[in-house]
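Novice: predicted model and sequence below, questions to follow.
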Amino acid sequence: MKYILLIPIILSFPFCFSQNFVDTVYTINTISNVEYGQATNFAGEQVSLHMDISYPTNDVVPSCGRPLAIIIHGGAWIAGSKNEGYIPGMRADFAKRGYVAVAINYRLGVFQTEIAKNCNVAGWNCMNLADSAEWSRALYRGIQDAKGALRFMINNQTTYQIDASNVFVMGESAGAFIALGVGYMDDASEKPIDCGAIDPVLAPHQNYYAPCIQGTAFDIPIQNMDLSRPDLGSIEGALNPTSQPYIIKGVGSIYGAIYKDLFSTKTYSTTPKLYMFHQPNDLIVPIGYNRLLNGFNACAMNTGCVNIQNRKFSYGSGGINNMIDTLNIPANHKPEVKYEPTTNNADCIQQVLNPSVGGHQLDSYWNRTTSMADFFAESIGTNDCATLSTLNEDLDFTNVFPNPVSDILNIRLSTNSEITLYDMQGKIIKQIYTSKSLENIDVRELKNGIYLLKVTSNNQNKVCKVVKN
């Protein structure tokens, strides 16, 4: 009888000694192919965007809900999906850790050059783009879609029992570029100039149709492509606007990069912490500051190919780490970083002969994703939702006028107050401390839309929506 009683104790052992949000201890359920929106792709076609959602089924849901993980696939913005590579495993494993974990698809596709270029190296042809703007625009569309997917989940936070104050975004390769953009591209000034309206492109050469367009699931005849390149819109995109605030606590970048500094200018009040993994011999995304595909291009040239044209420079994980260290900005504006490089220096020939030493991959899926989860778990607060709960209170509209407002917003106050204006993603737009009985805020430079105004006085918070028109 004593042995029988030991069985439930032994079976419960992993739960008794597991680390919250780190160990994969839960059983999960998955809902596949949930449509989170539709958007116009690179060639002018309307496409549907889908996600897979996994969540625990035998956990004790925290009082604020479960943390949310958005997980984004790679593929150089021309290939890949939520069902490929590390992504399904990451989605499942983060759900088993106690997250609501979401793997997303996003808009893919770029315009290749109109010049017929050929090389007998897989993938080389398709990377010859019309110009370097195509790299920027492809990434930007992905960032917009991922932000729209995140807001879809925030709008459905009650259904999925999500804690909107604990959001994490992670990806690999192109997906890591996107994750970095979701976490740190928060100010309108960070929009790349290439993502405004620019000149149309010439039609891609017909040689690219089968391998590069049709072969990556874009079954679009070249003659039917819209070759114009209109303004891509705001850094937030248009999908799933929300009145619910949220806080991005962390960004996970697995051999990702950025094109420029995204840290010096910010509107978020909480700087997301940053996990990065990268190998120094990565042939696709250089670990430092260099052109995309630098190692791959050098390998191809060894076979008699010419340079892949129109590649952008980027800061890989090592470059980002150095950038953050040397930026002349307040220390609390810099993200807390956990950077894990390797010492793998196998050259391109060695990587071809022995794929296990390839640089554009994880050296250990389990060790690295667990390390990232452990880093993120440090910042998950089970009562952080109190930070956002004040936004459910109403401020007397007679004390905020005019509303809607076009130029000057007036706020009538009774005592010393802190006034904070948020956008609808919970990011701080303006913040002032005042002892006046009537405070005026100039909102003329703000875009038309809905904002949240919070007034804090005597340790009490009052919030209302403000319409800018």
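Specialist: Ah, there it is. The structure displayed is predicted, hence computed values, not measured ones. Numbers count the residues shown, from 1 in each chain.
Novice: how about the strands in the stretch 351-469 of the chain?
Specialist: Applying DSSP state E, counting those that start in this stretch to the stretch 351-469 of the chain gives strands spanning 400-401, 408-412, 417-422, 428-434, 438-442, 449-457, 460-468.
Novice: for T382, which of these is the nearest?
Specialist: T382 lies closest, by CB to CB, to one member of the strands of the stretch 351-469 of the chain: strand 460-468, at 20.4 Å. All C-beta atoms are positioned from the backbone trio N, CA, C, and that covers glycine.
Novice: show me what the closest one is packed against.
Specialist: strand 449-457 (3 or more CB pairs under 8 Å, 6 or more residues apart in numbering; DSSP states H and E).
Novice: contact partners of the strand it packs on?
Specialist: 243, 245, 390-391, 395, 400, 409, 411, 413-424, 426, 429, 443, 461-468 (CB atoms under 8 Å, 6 or more residues apart in numbering).
Novice: and stretch 292-308, by the same measure?
Specialist: So stretch 292-308 is in contact with 117, 119-121, 123-124, 127-128, 135, 257, 281-286, 291, 311-314, 348-349, 352, 359, going by CB under 8 Å, 6+ apart.
Novice: three-state assignment of G80?
Specialist: Assigned by DSSP: H, G, I helix; E, B strand; the rest coil, the conformation of G80 is coil.
Novice: how about it, phi and psi?
Specialist: Main-chain torsions, G80, degrees, to the nearest 10: phi 90, psi 160.
Novice: quick check: closest non-adjacent residue to it.
Specialist: H73 (4.5 Å; CB to CB, 6 or more residues apart in numbering).
Novice: right, and the one you found touches G175 too?
Specialist: Yes. If you go by CB atoms under 8 Å, H73 and G175 touch, sitting 4.9 Å apart.
Novice: and for the two, which residues touch both?
Specialist: What both H73 and G175 touch, as defined by CB under 8 Å, 6+ apart, is the set G80, I87.
Novice: okay, those two: which has more neighbours?
Specialist: G175 (33 against 28; other CB atoms under 10 Å).
Novice: next, the more buried one: secondary structure please.
Specialist: G175 ends up helix, using three-state DSSP.
Novice: check the spacing between it and I115 real quick.
Specialist: 29 Å (CB to CB, to the nearest Å).
Novice: before we move on, what about T265?
Specialist: Taking CB to CB, one finds T265 at 37 Å from I115.
Novice: give the contact list for C348.
Specialist: L283, G295, F296, A298, C299, N302 are the contacts of C348 under CB under 8 Å, 6+ apart.
Novice: among these, which two are most distant?
Specialist: Between any two of those (CB to CB), the greatest distance is 11.9 Å, for L283 and N302.
Novice: neighbour-wise, which of these two wins?
Specialist: L283 (21 against 10).
Novice: could you find the closest non-adjacent residue to that one?
Specialist: G295 (3.3 Å).
Novice: wait, I28 sits on I53?
Specialist: No. Judged on CB under 8 Å, I28 makes no contact with I53 at a distance of 10.1 Å.
Novice: anything in contact with each of these two?
Specialist: In contact with both I28 and I53: no residue, using CB under 8 Å, 6+ apart.
Novice: what domains does the record give for this structure?
Specialist: 2-387, 393-468 (automatic domain parsing).
Novice: can you give me the helices in the stretch 51-200 of the chain?
Specialist: 87-96, 133-155, 157-160, 174-184 (DSSP state H, counting those that start in this stretch).
Novice: closest one to R107 among those helices?
Specialist: Judging these by CB to CB, what sits closest to R107 is helix 133-155, at 4.6 Å.
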